[in-house]
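S.K.: all I have is the shape, not the residue letters:
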């Protein structure tokens, strides 16, 4: 079965701390966890300050449906205000190989 990776990279808005952003991201947990097709999610920050929100979905429809519904959620305005809008890059990719521990 082919899964789909939703990969969103961005930087934080000026004045937003990593701790604040993690807390804002955690507010989206119930929505993402309960979205049909959700499989896995990770949030990371690189040494260059860029963040990556990496979500695995069971299929492209599930990924695109969740992306379409995301902006309508109560937590979204606060979360998006903490991100530099010009820095956002989002893509969906088919997972071609998966390795776990």
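M.R.: All right, it came through fine. A quick note: this is a predicted structure, and the numbers were derived from the prediction, not measured.
S.K.: tell me the contacts of the residue most central in space within the chain?
M.R.: The centre of the chain sits closest to residue 53, judged by CA atoms, centre = their mean, with a distance of 3.8 Å. Residues near residue 53 by CB atoms under 8 Å, 6 or more residues apart in numbering: 6-10, 25, 41-43. Glycine gets a C-beta too; all of them are placed from N, C-alpha and C.
S.K.: which of these lies closest to residue 58?
M.R.: Residue 58 has its nearest neighbour among these in residue 6, at 11.7 Å by CB to CB.
S.K.: what's the helix or strand for the closest one?
M.R.: strand 4-10 (DSSP states H and E).
S.K.: for residue 78, same thing?
M.R.: Assigned by DSSP H and E, residue 78 belongs to helix 76-81.
S.K.: where exactly do the helices run in this protein?
M.R.: 18-26, 29-34, 60-69, 76-81 (DSSP state H).
S.K.: single out the most deeply packed of those.
M.R.: Counting by mean count of other CB atoms under 10 Å, helix 60-69 has the highest mean neighbour count of these, with a mean of 16.
S.K.: now that one against strand 4-10, angle please.
M.R.: 30 degrees (axes from the mean of the first three to the mean of the last three CA atoms, to 10 degrees).
S.K.: summarise which helices and strands helix 60-69 is packed against.
M.R.: Helices and strands touching helix 60-69, by 3 or more CB pairs under 8 Å, 6 or more residues apart in numbering; DSSP states H and E, are strand 4-10, strand 51-57, strand 89-94.
S.K.: I'd like these laid out as CSV, including mean pLDDT and distance to residue 83.
M.R.: Converted to CSV, the helices and strands packed on helix 60-69 look like this (pLDDT from 0 to 100; distance: least, CB to CB, whole Å):
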stretch, mean pLDDT, distance to residue 83
strand 4-10, 98, 5
strand 51-57, 98, 8
strand 89-94, 97, 11
